[in-house]
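S.K.: Give me a model of this one.
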Amino acid sequence: MKRRIVALILVLGIVFGMGIEGTGVRAAEPEPTPPSQEKTITSIEVVDTDVEIPYKSVFTKNNVAIKVTYSDKSELITHPDQEIKLDTTKLGDQTFEVSYQGVKTEYTIRVVPRQVTGLKLKEATKKKAIIEWSSLTEAKEYEIYTSTKETGSFTLLKSTTKTTYEFTDLEAGKLLYVKIRAVSGEYAGADSATIVVALQPDQVTGIKAVQNVKTKITLTWDKTAGATGYQIYYRLATGKDSVLAGTTEQNTFQVTGLSSGKNYYFTVIAYAGDTTNAGELSDEVLYGTAPSIPQITKIKGGDKRLKVKWSKGTGADYFNIYVSTKASSGFKVMAKVASDEVKIRGIDGLKKKKKYYVKVEAVRTVSGITMSSVSTVSNTTTASAAVKATSVVAKFFTTLKSFRKSAAYKKYKAFKNRVLYSKSYVIPGLKVTNVAGFNATRMVPQSVTFAGNYLLISAYDYSKKQESVIYIMDKKTRKYLTTLVLPHTGHVGGITFDGENVWVTYGKNLQNFKFSHIQAAVTSGKPYYELYRFSSVIPMPETMSYVTYYKDRIWAAAYSETSKKYMYGYTISNKSGAPALTYTNRILMPNRTQGVAFTSSGKMIVSRSCQTKKGRRGFMSQLDTYNPTWDLTKKTIKKNSRKKTVKMPPMNEGIAISGSYTYVIYESPAFGECQAPLDRVTAFKTSKIS
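M.R.: Numbers count the residues shown, from 1 in each chain. As a prediction, this is how the structure comes out:
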């Protein structure tokens, strides 16, 4: 509160002569007053200065503002030019002199107790609340004022000499606004800041998620007795630290900034009046966000079917594939794909030469709540004609006579003298392969392995349009049975069998699947069988091009035209489940190695090749035999010096041994420039080449 005090100053004036009443004699006119040479102060006035100041506060002339008025009516706002004499360690009214350029006045200020600070809610239970504040030495007592409204009028509740007070008659959920002032006799200090006092609220219960989307979850909970607000916390299910999502006065809140396809734990705390007056932490509840939106990356129409590929995204338990003949309606679920299966699926039961619309829905369920995200709609048209069956007739040499006329037979003497035409296998699919309802005309054979009663041949589509395959041949009759279609178009290389699992190289990975899929493909009686699930996919140190199995180990290595490369040996764990590998040994292999097989006596036959014909850089086509020193307790296995070399036709690749025979496959039939192509997995008496 401030006031203005006007100081009256005696002003000296000029006395004019006056006429004498009744005499008839007029007084003489006064002489004119000469103009003033300088202005003078006519008054000073204390303005805009506190009337009351706190105990022990600093008070100087700079705390006093005065208005100086001059004889020419001009004014100046300034401070006194003499220091103020005021003792703020004494309560009560004090009058002091204010001076400016010799003109003086007086001013009275009251020293009062300081403002109470440190007012806070010390403790709150469901029955009482205790407040406390900081003590003031000059205070004789403290007045407690309360109001039921923050902006309402406050009334005196009680005076006390203590610095605490206990409220015992509060109502649950009701707020009481409180402020304190210090008093000493007739002098009172300024009001403290206002705090809110309330009983402790109950624990929050009944938390539920009512809307779960990719990055947001909306929660509700039961209204809590005694609560005036709530704080919401969350943490990742895999994390430990909780994050404050926000505060609300309602019993619903939308938590934002979450990640799609993730699980979170949520807790809610009720408070009354202030967040420091909180109830017990609620029990944690687990909810999840919707999975990320799947993206269709490829769709193609085939023989009365289509094939769709999509991105995995995050968080889905499974995917629904919807198909319709209309762009915006009539969609039906045509396939359900588990999250651990690859994200490619063929859809059957369609009509030829018809346009179909497809969308993919990602679905997950957390705490009984099912959430989903749906892709945009893509479309494709099925083929107008049936696809051709996988060819089983030899691409080049259909008879022994024609085989003997081949360049491979004529030009490679060692090959001619050892090859067994009657035990060789015609490579299927070289002319055309039915790749799950789509034709491929340039499949590239890569490797071979024997598995149970079957010979397996790996191959990939040179054009990358269709998926890679494994041709399944009857081991005894040497006839083609069916095709296992892999879920990618990758350059598959080596293939081997460990007695339970089929292993295939693919880039910097080794993929494996159960032998039961081979059996299912054969017993299905269908022209193809689509593989959608690998048992495990194991990262490799390099891009592996061949793989084999020997001494209970998987052996795999990369190809190099110019450098020697290690072939790494791995023991297999969890063979009947999701196999895992542990690195144990290595063998330094010669450059241009394409495949490896081991005899029962421990000899190692290496298939080495490079280029399609002689004269090209690094050309090679041969089988080399080594007799390694098999000490598996040592990290490095010595392959020792080469024992034998047999020249082969170009582009020999994978190699496998069954019984007393060795079999070699060639990728040459896929390359027209090859000077001596072979369309067979050629057989040799192992003793003749090793």
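S.K.: So what are the sheet partners of the lengthiest strand in the chain and their directions?
M.R.: If you go by DSSP state E, the chain has its longest strand at strand 355-366. Taking DSSP bridges as the criterion, strand 355-366 pairs within the sheet with strand 318-324 (antiparallel), strand 369-374 (antiparallel), strand 378-381 (antiparallel).
S.K.: Would you reformat the ones you listed as CSV and include mean pLDDT?
M.R.: Putting those into CSV (pLDDT from 0 to 100) gives the following:
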stretch, mean pLDDT
strand 318-324, 97
strand 369-374, 95
strand 378-381, 98
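S.K.: Would you map the strands across the stretch 51-200 of the chain?
M.R.: With DSSP state E, counting those that start in this stretch as the definition, the stretch 51-200 of the chain shows strands at residue ranges 52-54, 65-70, 75-78, 92-100, 103-112, 120-124, 129-132, 141-147, 155-160, 164-167, 176-184, 187-188, 195-197.
S.K.: Flag every buried residue along stretch 503-511.
M.R.: For stretch 503-511, the buried set under the neighbour-count rule, 16 or more other C-beta atoms under 10 Å, comprises 503-507, 509-511. C-beta: built from backbone N, CA, C; applies to glycine.
S.K.: Sorry, slip of the keys, the one I care about is stretch 461-477.
M.R.: By neighbour count with 16+ other C-beta under 10 Å, stretch 461-477 contains the buried residues 461, 466-473, 475.
S.K.: and the longest strand of the chain, how far from the chain's centre?
M.R.: For strand 355-366, the distance between its averaged C-alpha position and the chain's averaged C-alpha position is 22 Å (C-alpha atoms, centre = their mean, to the nearest Å).
S.K.: Just the CA trace of it, in CSV.
M.R.: Output for strand 355-366, consisting of C-alpha atoms alone and laid out as CSV, is shown next (Å, rounded to 0.1, in the frame of the first residue of the first chain):
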residue,chain,number,x,y,z
LYS,A,355,-8.2,-58.2,-61.4
TYR,A,356,-8.0,-58.6,-57.6
TYR,A,357,-7.5,-56.1,-54.8
VAL,A,358,-5.4,-57.0,-51.8
LYS,A,359,-4.7,-55.5,-48.4
VAL,A,360,-2.7,-56.8,-45.5
GLU,A,361,-3.8,-56.4,-41.8
ALA,A,362,-1.3,-56.6,-39.0
VAL,A,363,-2.9,-57.8,-35.8
ARG,A,364,-1.8,-58.2,-32.2
THR,A,365,-3.5,-58.8,-28.8
VAL,A,366,-2.2,-57.5,-25.5
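S.K.: and among the strands of the stretch 51-200 of the chain, the most buried is which?
M.R.: Per-residue neighbour counts averaged over each of the strands of the stretch 51-200 of the chain give the maximum for strand 176-184, namely a mean of 21 (mean count of other C-beta atoms under 10 Å).
S.K.: ok, the residue nearest to Lys216 when sequence neighbours are not counted to Thr505 distance?
M.R.: Of all residues not flanking Lys216 in the chain, Thr256 sits nearest, at 5.0 Å (C-beta to C-beta, 6 or more residues apart in numbering). Thr256 sits 45 Å away from Thr505, going by C-beta to C-beta, to the nearest Å.
S.K.: go on, Asn212?
M.R.: For Asn212, the distance to Thr505 - C-beta to C-beta - is 41 Å.
S.K.: same deal with Pro201?
M.R.: 64 Å.
S.K.: for Ser384, same thing?
M.R.: In this structure, Ser384 and Thr505 are separated by 37 Å, where distance is defined by C-beta to C-beta.
S.K.: ok, now Thr489?
M.R.: Relative to Thr505, Thr489 is positioned 15 Å away (criterion: C-beta to C-beta).
S.K.: How about Thr562?
M.R.: Counting by C-beta to C-beta, the gap between Thr562 and Thr505 amounts to 20 Å.
S.K.: sorry, back to before: deepest of the strands paired with strand 355-366, which one?
M.R.: With neighbours defined as mean count of other C-beta under 10 Å, those peak in mean count at strand 318-324, which reaches a mean of 20.
S.K.: Put the alpha carbons of it into CSV.
M.R.: Only the C-alpha atoms of strand 318-324 are listed here, as CSV (Å, rounded to 0.1, in the frame of the first residue of the first chain):
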residue,chain,number,x,y,z
TYR,A,318,-0.2,-62.4,-37.2
PHE,A,319,-1.3,-61.0,-40.5
ASN,A,320,-4.6,-61.3,-42.3
ILE,A,321,-4.5,-61.2,-46.1
TYR,A,322,-7.7,-59.7,-47.5
VAL,A,323,-8.7,-60.2,-51.2
SER,A,324,-11.6,-58.7,-53.1
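S.K.: neighbouring contacts of that strand?
M.R.: Contacts with strand 318-324, where a contact means C-beta atoms under 8 Å, 6 or more residues apart in numbering, come from 294, 306, 308, 310, 330-339, 343, 345, 347, 350, 356-363, 372.
S.K.: quick one: buried residues of the next helix-or-strand element following it?
M.R.: Sequence order places strand 332-338 as the next helix or strand after strand 318-324, per DSSP states H and E. Applying a neighbour-count criterion of 16+ other C-beta under 10 Å, one finds 334-335, 337 buried in strand 332-338.
S.K.: which among these gets closest to Val646?
M.R.: Val337 (47.8 Å; C-beta to C-beta).
S.K.: hey, what's that closest one bridged with?
M.R.: Per DSSP bridges, residues listed as beta-bridge partners of Val337: Phe319.
S.K.: Begin at 467, not 1, for the rest of this chat.
M.R.: New numbering, starting at 467: the last item is Val803.
S.K.: And it, how far from Tyr998?
M.R.: Counting by C-beta to C-beta, the gap from Val803 to Tyr998 is 7 Å.
S.K.: hey, what's in contact with both of those two?
M.R.: Residues touching both Val803 and Tyr998 by C-beta under 8 Å, 6+ apart: Arg811.
S.K.: Between the strands paired with strand 821-832, which one is closest to Leu1054.
M.R.: Across the strands paired with strand 821-832, Leu1054 has its closest neighbour in strand 784-790 (45.3 Å, C-beta to C-beta).
S.K.: got the contact list for Phe525?
M.R.: Residues counted as contacts of Phe525 (C-beta under 8 Å, 6+ apart) are 519, 550, 552, 554, 575.
S.K.: could you pull out the strands for the stretch 817-966 of the chain?
M.R.: With strands called from DSSP E, counting those that start in this stretch, the stretch 817-966 of the chain shows them at 821-832, 835-840, 844-847, 885-892, 899-900, 905-906, 909-917, 920-927, 935-940, 946-951, 958-963.
S.K.: How confident is the prediction for the residue nearest to the spatial centre of the chain, by pLDDT?
M.R.: When the chain is reduced to its mean C-alpha position, the nearest residue by C-alpha atoms, centre = their mean turns out to be Ser725, at 5.8 Å. pLDDT, Ser725: 96.
S.K.: and if you look at the one 5 residues further on?
M.R.: Taken from the predicted model, the pLDDT recorded for Tyr730 is 97.
S.K.: Of the strands of the stretch 817-966 of the chain, which is nearest Gly618?
M.R.: Among those, strand 835-840 comes nearest to Gly618, with 44.7 Å by C-beta to C-beta.
S.K.: ok, residues contacting the closest one?
M.R.: With C-beta under 8 Å, 6+ apart as the criterion, strand 835-840 contacts 675, 678-680, 726, 753-760, 779, 786, 825-831.
S.K.: how about a cut-off of 7 Å?
M.R.: By C-beta atoms under 7 Å, 6 or more residues apart in numbering, the list of residues contacting strand 835-840 from outside reads 675, 678, 680, 753-754, 756-760, 825, 827-830.
S.K.: Next, the residue lying closest to Leu585 once chain neighbours are set aside: phi, psi?
M.R.: With C-beta to C-beta, 6+ apart as the measure, Trp599 is the residue that lies nearest to Leu585, at 4.3 Å, once sequence neighbours are left out. Note on Trp599: its backbone torsions stand at phi -150, psi 170 [degrees, to the nearest 10].
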